[in-house]
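Student: next input, structure requested:
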Amino acid sequence: QVQLDESGGGLVQAGGSLRLSCAATGRTFSGYVMSWFRQAPGKAREFVAAIGWSGDSTNYADSVKGRFTISRDNAKNTVYLQMNTLKPEDTAVYYCAARNPIFTNSNYRAQQTYSYWGQGTQVTVSS
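Tutor: Predicted structure coming up:
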C-alpha cells in the first residue's frame, strides 16, 4: 500500500509559478513510475507528466511541455511538479499517482495502470 499526499496548490496570477509536492508513505517509493494528472471543472482527468523510477526519464503532455518540470527525490519519497508561466487553462485539481510496476510500457497516459492516487490539490490561475 502507498499513500500519496499532495500539497503546494493555490491561487496564482497568469504568468506566475507554483511547485506541487507529493509525499509518499508506505511501500518502497523508488520502484514506482510517478505521474501527475489534472482535472478541470467539467472535464475528464488528463495526464500532465510522468517520471521514471530513477528520475532520468520524463514525459510530458504537449500542453505543458517547456513550462512544467517533474522531478523526484527518492530519499525523501517525494515527487515534485514545478509549474512556470501558468495560464488560466492550467486551473484544475492536480493529482499525483503511482503506477503499478507490472506495467513496463511507456503508455503513461493510461490511468487504469496506476494503483495509487492522492486526494488532489487545487491550482487556480487567474487572468
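Student: which neighbours in the sheet does the host helix or strand of S115 have, and how are they oriented?
Tutor: Secondary structure from DSSP states H and E places S115 in strand 114-117. Partners of strand 114-117 in the sheet, by DSSP bridges, are strand 92-99 (antiparallel).
Student: now could you export just the CA positions of the strand it pairs with as CSV?
Tutor: Output in CSV follows, covering the C-alpha atoms of strand 92-99 (Å, rounded to 0.1, in the frame of the first residue of the first chain):
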residue,chain,number,x,y,z
ALA,A,92,-7.5,22.2,-12.2
VAL,A,93,-7.3,19.8,-9.3
TYR,A,94,-3.8,18.2,-9.6
TYR,A,95,-3.3,14.6,-8.6
CYS,A,96,-0.2,12.5,-8.2
ALA,A,97,-0.3,8.8,-8.9
ALA,A,98,1.9,5.8,-8.6
ARG,A,99,1.9,3.3,-11.5
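Student: and it, how far out from the chain's middle?
Tutor: 5 Å (CA atoms, centre = their mean, to the nearest Å).
Student: need the three-state assignment for Q112.
Tutor: Three-state assignment for Q112 (DSSP: H, G, I helix; E, B strand; the rest coil): helix.
Student: how many neighbours does it have?
Tutor: Q112: 8 surrounding residues under other CB atoms under 10 Å. Just so you know, the C-beta spots here come from the backbone N, C-alpha and C atoms, and that holds for glycine as well.
Student: cool, the one 3 residues further on as well?
Tutor: Other residues lying near S115 total 16 when counted by other CB under 10 Å.
Student: can you dump the C-alpha atoms of the strand holding S115 in PDB for me?
Tutor: Presented in PDB, the C-alpha positions along strand 114-117 are these (Å, rounded to 0.1, in the frame of the first residue of the first chain):
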ATOM      1  CA  TYR A 114      -2.000   3.400 -11.800                       C
ATOM      2  CA  SER A 115      -2.500   1.700  -8.500                       C
ATOM      3  CA  TYR A 116      -2.500   4.600  -6.100                       C
ATOM      4  CA  TRP A 117      -3.800   8.200  -6.200                       C
END
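Student: identify the residues contacting that strand?
Tutor: Outside strand 114-117, the residues that touch it by CB atoms under 8 Å, 6 or more residues apart in numbering are 1-4, 35, 95-100.
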